[in-house]
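Q: Any chance you could fold what I've pasted below:
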Amino acid sequence: MVPRRNVCGAMGSRCVWLAVAVLLAGCSNASQSQSAESPSPPEAVASASASPELSAEPSAAPSAEPAASNPPAPVAATLRGEYFVLPGNHPDVEHDVDGSIVTGLLEKHLGPDGLPVVTKFGRTFKGASGPISDINVAGELMWYSSAGKHRVRLEKTVTQSLPFVFDSFYPDGRGADGGDNGFRAVHWNGCFTLPKAQSIGFNLGSDDDSWVFVDGNLVVDNGGVKPLADAPFQVAHLAAGSHVFDVFYADRHTSAAQLHLSTDFSVSPCPTTIPSPTVVPTVASATSLATQIKRTGRVVVYGIHFAFDKADIVKGSSAVLAEVAKVLRDDPALRLRIEGHTDNVGDAAYNRDLSQRRADAVKNYLVSKFAIAPDRLTTQGFGPDRPVASNTTSQGRYKNRRVELVRI
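A: Okay, the predicted model is just below:
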């Protein structure tokens with residue numbers, strides 16, 4: 001039996017369906033209470049959280065395409081890997097064994113530095129996989145960076161050919177993990193181009209955590225301290241053009257360290273022109289917003305969030321909107337155009353309409369909540385037409401999903 005899971009929305013505007021088929025003798029259905037002797041298969045993402053800023057979302061769901069019942073035939077492919085070692089006393093390792101997959105530890109989108117973002121559930125989970133504490137100010141997971149405070153070190157950076165069959169995946173020169181040997185964590189990254197809209201397939205299994213992102217969006221949620229369980233996956237209806245493929249792996253317990261990965265599509269290391277990590281934009285003060293508008297006539301505003309595939313402003317946006325309202329109150333003669341912008345993921349016409357509706361929502365919020373006169377505000381949605389960064393990286397797409405205020 002092939003269980004199908006709707007992941008419409010986890011891929012930005014490219015509505016995706018995943019189907020997973022796993023052949024495990026004696027395995028029951030996946031659950032977090034499953035024993036270590038009967039591991040559950042990796043989970044396909046089943047829902048989507050709100051995207052940051054004015055992000056792209058789907059307009060309709062295509063029909064499901066099941067994954068192959070056997071692993072996809074591997075093709076020539078290479079990925080660039082950054083290998084890190086977590087020290088044996090790292091706060092996120094050697095807790096215990098979950099025995100099966102734990103989903104929901106990560107958000108559905110990569111953060112501004114291209115790293116996974118830990119959810120509130122992941123930060124507070126009381127099971128063996130949590131709580132996860134090694135994060136930066138943006139909530140990004142610092143197992144894949146040497147810039148954190150827990151002495152994670154970069155082991156090496158290498159380009160490797162697939163398939164990967166790593167069954168003793170310990171730090172170099174070590175015959176085991178834990179203690180002075182530490183625990184290995186790896187981020188592999190690659191780019192691929194599709195000549196037409198089509199599906200891609202890959203086979204994945206890991207002991208312990210592994211997650212797969214396509215174009216910065218989570219497509220396989222395989223977290224947890226648990227045994228290896230290989231499974232084939234298919235991401236359907238990817239648009240023609242360039243895409244980014246990220247795989248994150250972590251060993252967190254001395255029970256074992258394994259990673260298996262193969263793809264049925266050609267992928268190679270991304271160009272080295274990827275922008276360097278950026279600092280997460282914080283909520284700007286009214287003074288700084290006003291100063292920028294006076295100097296340049298416009299200002300980019302981050303921190304306004306919307307419900308998935310809707311123009312509903314969600315909790316957490318009130319602080320920045322209050323600062324925008326203060327700018328308007330402090331300068332009664334100021335009139336602004338509220339511009340909505342998206343990345344280029346998905347249908348351009350749909351993104352323009354969505355960005356227009358979200359710009360309208362910002363205006364309505366300022367009018368209804370702060371009594372700003374409606375004739376002082378106009379709106380326009382540009383969708384993907386005015387990028388400020390490259391859309392080939394998660395960092396660039398993050399910058400392109402934005403609200404701008406323009407003096408008129």
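Q: And the helices in the protein?
A: Along the chain, the segments classed as helices by DSSP state H run 120-124, 286-296, 318-330, 348-370, 394-400.
Q: what's the least confident stretch among the ones you listed?
A: For the helices of the chain, mean pLDDT drops lowest on helix 394-400, to a mean of 79.
Q: Please identify the most buried of the helices of the chain.
A: Sort the helices of the chain by mean neighbour count, taking mean count of other CB atoms under 10 Å, and helix 394-400 sits at the top with a mean of 24. From N, CA and C alone the C-beta is placed, and that goes for glycine too.
Q: Can I get it in CSV, CA atoms only?
A: Provided in CSV are the C-alpha atoms of helix 394-400 (Å, rounded to 0.1, in the frame of the first residue of the first chain):
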residue,chain,number,x,y,z
SER,A,394,17.1,30.8,-0.1
GLN,A,395,18.7,34.0,1.2
GLY,A,396,17.9,35.8,-2.0
ARG,A,397,14.3,34.5,-2.1
TYR,A,398,13.9,35.7,1.6
LYS,A,399,15.0,39.2,0.6
ASN,A,400,12.6,39.3,-2.3
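Q: Packing partners of it?
A: The contact analysis (3 or more CB pairs under 8 Å, 6 or more residues apart in numbering; DSSP states H and E) places helix 394-400 against no helix or strand.
Q: where in the stretch 51-200 of the chain is pLDDT low?
A: 51-74, 112 (pLDDT under 70).
Q: what residues are up against Trp211?
A: Shown here is Trp211, whose contacts under the criterion CB atoms under 8 Å, 6 or more residues apart in numbering are Leu106, Pro116, Leu218, Val220, Asp221, Asn222, Gly223, Val247, Phe248.
Q: how near is it to Lys156?
A: Using CB to CB, to the nearest Å, we find Trp211 at a distance of 21 Å from Lys156.
Q: do the same with Val220
A: Separation of Val220 from Lys156 (CB to CB) stands at 25 Å.
Q: which one of these two has more residues nearby?
A: Counted by other CB atoms under 10 Å, Val220 and Lys156 do not tie: Val220 has more neighbours, with 24 against 12.
Q: what pLDDT does that one get?
A: On the pLDDT scale, Val220 gets 94.
Q: Could you report the separation of the closest residue in space to Gly340 that isn't next to it in sequence from Phe192?
A: Closest residue in space to Gly340, ignoring its immediate chain neighbours: Ser355 at 3.3 Å, by CB to CB, 6 or more residues apart in numbering. The spacing between Ser355 and Phe192, counted by CB to CB, is 27 Å.
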